[in-house]
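> curious how this folds, go ahead:
(chains A, B, C and D)
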Protein chains: 2
Amino acid sequence: MFLLNAKDKTPLYRQLYQQLRHKILNGELSSQTKLLSSRKLSQELRISRNTVDMAYQQLLSEGYILGKPRSGYYVETLHNTIIPTFMESTQLESPSEVPDPIKYNFKYGKLSPHAFPFSQWQRLTNECLRNYQEQLLDYHSFMGELGLRKEILKYLRDYRDIKCTVDQVLITSGTEHCLSLACELLKSVTSTIAIEEPGYAGAHFAFKNHGFCIQPITISHHGLNVKELHTSAAKAVYVTPSHQFPTGRIMSITRRLRLAEWAYEHNAFIIEDDYSSHLRYDVKPISSLQGLAPDKVIYIGSFSKILLPSLRVAYMVLPKELAQIIHKTAESRACAVPFMIQKPLELFLQEGHFESHVRKTLRHLKKKHETLIYELQENFGDTISITGMNAGLHLLLQVKLPVSAEDLIAWAAKAGVYIPIKNRIWIDSEPSPYPSILLGFGGIALEDIPPAIRILREVWLDHI
Amino acid sequence: MFLLNAKDKTPLYRQLYQQLRHKILNGELSSQTKLLSSRKLSQELRISRNTVDMAYQQLLSEGYILGKPRSGYYVETLHNTIIPTFMESTQLESPSEVPDPIKYNFKYGKLSPHAFPFSQWQRLTNECLRNYQEQLLDYHSFMGELGLRKEILKYLRDYRDIKCTVDQVLITSGTEHCLSLACELLKSVTSTIAIEEPGYAGAHFAFKNHGFCIQPITISHHGLNVKELHTSAAKAVYVTPSHQFPTGRIMSITRRLRLAEWAYEHNAFIIEDDYSSHLRYDVKPISSLQGLAPDKVIYIGSFSKILLPSLRVAYMVLPKELAQIIHKTAESRACAVPFMIQKPLELFLQEGHFESHVRKTLRHLKKKHETLIYELQENFGDTISITGMNAGLHLLLQVKLPVSAEDLIAWAAKAGVYIPIKNRIWIDSEPSPYPSILLGFGGIALEDIPPAIRILREVWLDHI
DNA sequence: GGGTATTTGTCCGTATGTATG
DNA sequence: TCATACATACGGACAAATACC
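Purely as a prediction, here's the structure:
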């Protein structure tokens, strides 16, 4: 019958409910069977009538049984022909493989421990939690907090020559989110999007995911080969002009103007991913494409590379035309970035901490960048050639040895040096005869660079 | 020279620093100019020498100036060819229309001021910022933090009868994000998605946005009319079984089983949006559809309705089959939820604060729910009929007056009572002859309900 | 067929342990 | 620590439906 355990922490009425439900789903209590009255069952189980009643009420509200007043409760007719009767209780944890211990980490996108003013941020977060409780309890504008958008706009105007109003600025939860929104907007414009070859795999993935055809365009020394664009069907192109990923090349002003011209001629859009605009080590950052063609460029920027990767805040500047489309849908959507991230960030920008943080970080990264290049050249000489210098958080190496990149990465890992796997940077097959390696230097300490590179020399040259 | 304001909350050294920096970037202080010595400047400004020195140190560390020992500070040579000299200040702000002042707010989704343990959260956030700095500086698993996923899984198992492993749990930045990912996964399964009519406009929007055809399915008293599904081409359906939005109806177990059967028969998927599972005022929350058909249900849950709308954390449980597809793409994607949100939330769940918070909130909402119903019946009697009782954060009213819902909302707004506009709940035209009104009671204080409803009676009945 | 006894769901007040502030 | 509130569990009172004579 029913097994009720008074010592069990789950209440009696709930135990009874569960067992009844099980019997009904099982077919033990078949359709239209009359249940025992609350009195009889309570007598039988030696519990209160009300306890039985509570179980019945729950079953009633879930539709397992039907109640006829002054008559009784009857089991509902269920169609449970297919439903699996027993679920094995699967384990919580998935067995994780134990990786090699990492001593030196060249992971891309990581930042080093002293890079972020944690206590400052703590203060700002606390301030936010104390003073903005009313706003925390509500949903927010899809575009993002007005204050933060103003601060970002101010920054973009001063440092990136962006030409727009706040209405065109949109806060998102990362570059991926930006691309997804861009796809949404471009769906009605084109079915083909051109991208750089080689280029950022995340963009390729996002576009494919939204059902676009992909048109790869090759990169020359001065950036994207705009000529190839003219012969393609694409009415949109994704570019990283200020520091082409992964080659690090800078699109020349001539190319930029040609690209802008192409966009105006074909009534097409340019997606400018300015992912590492802050990070230039030789000269001041080059001003944006957006400034050249404000009506044709979807500008994307991010705080991940410079501030904190785990913060998940990026932004985009939309052409007026597209901004209007977004505004129409904005009312029924919510912003993806938590208020208690947006507000502290706004204050961080407003009080000038951001600018000083960029300067400080840039100085530090510059040193690491120089050291890394120096050590690579000292240890490997002509065995490697370095591209993508003077900017960003990574270098691209061509290792002139007759081995695969996978081997180089695996040997390094065994010696405690983590090197990221460049997942699908090239859409077509990689053209170079030599393996290429991507070294991120954001996460490694300055003093760790020389020993790490020495280890690489040892394990790589020893294996030959 | 320099204008320092002691009453300003920004520190003196910072004011000085900012003004110096501005002059340097402006070109007012040109390259290699020697700055005034800290002694002279401090005398001139009548502030401490240390204050001046702090400003100088800041400029030094950011590379604006160069310090020569026993000589002085000199302005660095900057490449400021591109730095904009003067930006025409286009207006930042878009002119906002002045709305009627809101005295009583029935906005849907809002929560009331005493609903969230702010100090608790502050403690947990601080803990996170102190103890997890290494992790904050890195990108994270697309699936979300393992610890948080485990805690959510534990909760879902105990309270929602969810059947799955951690590998199937995915953290997202909101229901919208969940739906977007679901679309991504369902693209290869079907081109048509069925939704409830009337139903949640956000879901409709998301599906349409991803290029799906929409098939509306009517709602009867016991929930979705599954029969209509069988005759449609849809291989996926979006439902809110535990509290249908907006009618508040509960899908009976019969319908649930039929729906599950349909999914197994047609090899289709069910999207179960359990957006307000915690919030039942009469009986215990009804267990999930996912428990009945774990291989066919994409389960979506959220912390917005019960914890904090602006937190932007939701989660989804994927069928094993779909989880594997996501896992393949996960490595090249980043999680959209900031670590400094995920970690505090994990601790919040782990330490049991969440459960007690749910209990407390539920208690409070229950009172408001009861009061609201009582007041409506007292004031309006048979003039209105209420649906969607006993659950959720809103009631649906049918006002039996010969006026439009827009008028009712406008009249209320003029009297200081905000009522949300139900944007496109019905895809086809609304079938009812009477205007229907959605009242959210999450954001209004208990004691404000009686006066608010009295005002509604006055303004609505007076206009007739 | 009508009256009565019984069964039944429903509603009420209350005791106890536990969580909350 | 103590007062409060709530979930759980209990028994009794009531009225409607049903069964039986």
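> which of the helices or strands spans the closest residue to DNA strand C within the stretch 201-350 of chain A?
Proximity of the stretch 201-350 of chain A to DNA strand C (CB to the nearest atom of the strand) peaks at residue A:340, 21.2 Å away. To be clear about C-beta, it is placed using only N, CA and C from the backbone, and glycine gets the same treatment. For residue A:340, the host element (DSSP states H and E) is helix A:339-350.
> ok, now residue A:196?
Counting by DSSP H and E, residue A:196 is part of strand A:192-197.
> spell out whether stretch A:30-37 and DNA strand C are in contact.
Yes. Residues of stretch A:30-37 contacting DNA strand C under CB under 7 Å from any atom of the strand: A:35, A:37.
> run the angle between the next helix-or-strand element following the strand holding residue A:196 and strand A:192-197 for me.
Counting by DSSP H and E, the element after strand A:192-197 in chain order, helix or strand, is helix A:201-209. Here the directions of helix A:201-209 and strand A:192-197 differ by 160 degrees (axes from the mean of the first three to the mean of the last three CA atoms, to 10 degrees).
> right, is helix A:201-209 up against chain B?
Yes. Applying CB under 8 Å from any CB of the partner chain, one finds helix A:201-209 in contact with chain B at A:201, A:202, A:205, A:209.
> in terms of secondary structure, what does that helix contact?
Using 3 or more CB pairs under 8 Å, 6 or more residues apart in numbering or on different chains; DSSP states H and E, the elements in contact with helix A:201-209 are helix A:175-186, strand A:192-197, strand A:213-220.
> what does the pLDDT read for residue A:87?
Per-residue pLDDT puts residue A:87 at 40.
> so which of the residues of helix A:201-209 next to chain B would you say is closest to residue A:420?
Nearest to residue A:420 among the residues of helix A:201-209 next to chain B, counting by CB to CB, is residue A:201 at 11.7 Å.
> check that closest one and give its pLDDT.
At residue A:201, pLDDT is 87.
> I'd assumed residue B:332 was in contact with it.
Yes. Taking CB atoms under 8 Å as the contact criterion, residue A:201 and residue B:332 are neighbours in contact, 5.8 Å apart.
> leaving out the residues flanking it, which one is nearest to the residue of chain A found nearest DNA strand C?
Across chain A, no residue is closer to DNA strand C than residue A:37, which sits at 3.3 Å (CB to the nearest atom of the strand). The spatially closest residue to residue A:37, leaving aside those adjacent along the chain, is residue A:72, at 6.1 Å (CB to CB, 6 or more residues apart in numbering or on different chains).
> hang on, the earlier thing: dump the helices and strands packed on helix A:201-209 to TSV, plus mean pLDDT, mean neighbour count and distance to DNA strand C.
Below are these laid out as TSV (pLDDT from 0 to 100; neighbours: other CB atoms under 10 Å in any protein chain shown; distance: least, CB to the nearest atom of the strand, whole Å):
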stretch	mean pLDDT	mean neighbour count	distance to DNA strand C
helix A:175-186	94	22	36
strand A:192-197	94	24	52
strand A:213-220	92	16	53
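> let me know which of those is the nearest to residue B:299.
helix A:175-186 (22.2 Å).
> with chain B in mind, check whether the longest helix out of those in chain A reaches it.
Ranked by residue count, the top helix of chain A under DSSP state H comes out as helix A:353-380. Yes. Judged by CB under 8 Å from any CB, helix A:353-380 and chain B are in contact via A:355, A:356, A:359, A:360, A:362, A:363.
> touching, the fifth one and residue A:278? I think so.
Yes. Checked against CB under 8 Å, the pair residue A:362 and residue A:278 is within contact range at 6.7 Å.
> so if I had to pick from the two, which one is more boxed in?
Just comparing residue A:362 and residue A:278: by other CB atoms under 10 Å in any protein chain shown the higher neighbour count belongs to residue A:278, 26 against 19.
> so what's the residue count around the residue in the stretch 351-464 of chain A that chain B sits nearest to?
Closest contact between the stretch 351-464 of chain A and chain B, by CB to the nearest CB, is at residue A:359 (3.4 Å). Per other CB under 10 Å, the neighbour tally for residue A:359 reads 18.
> kindly report the same for residue A:101.
8.
> so residue A:444 sits against residue A:111, correct?
No. Here residue A:444 lies out of contact with residue A:111, judged by CB under 8 Å, at a distance of 10.2 Å.
> which parts of the helix or strand of chain A with the lowest mean pLDDT are buried?
Using mean pLDDT, DSSP states H and E, the weakest-scoring helix or strand in chain A turns out to be helix A:133-136, at a mean of 79. Buried residues in helix A:133-136, defined by neighbour count with 16 or more other CB atoms under 10 Å in any protein chain shown: A:135, A:136.
> got it, and stretch A:438-449?
A:438, A:439, A:440, A:441, A:442, A:443, A:444, A:448, A:449.
> then stretch A:245-260?
Within stretch A:245-260, the residues that qualify as buried are A:245, A:246, A:247, A:248, A:249, A:250, A:251, A:255, A:256, A:258, A:259, A:260, counting by 16+ other CB under 10 Å.
> ramachandran angles for the residue of chain A closest to DNA strand C?
With angles defined as degrees, to the nearest 10, residue A:37 sits at phi -70, psi 160.
> with residue A:439 instead?
The phi and psi values for residue A:439, taken as degrees, to the nearest 10, are phi -110, psi 110.
> contacting residues around it?
A:106, A:372, A:394, A:395, A:396, A:397, A:419 (CB atoms under 8 Å, 6 or more residues apart in numbering or on different chains).
> sheet partners, orientation included, of the host helix or strand of the fourth one?
Assignment of secondary structure by DSSP H and E places residue A:395 within strand A:394-399. According to DSSP bridges, the neighbouring strands of strand A:394-399, each with its direction, are strand A:384-387 (antiparallel), strand A:436-440 (antiparallel).
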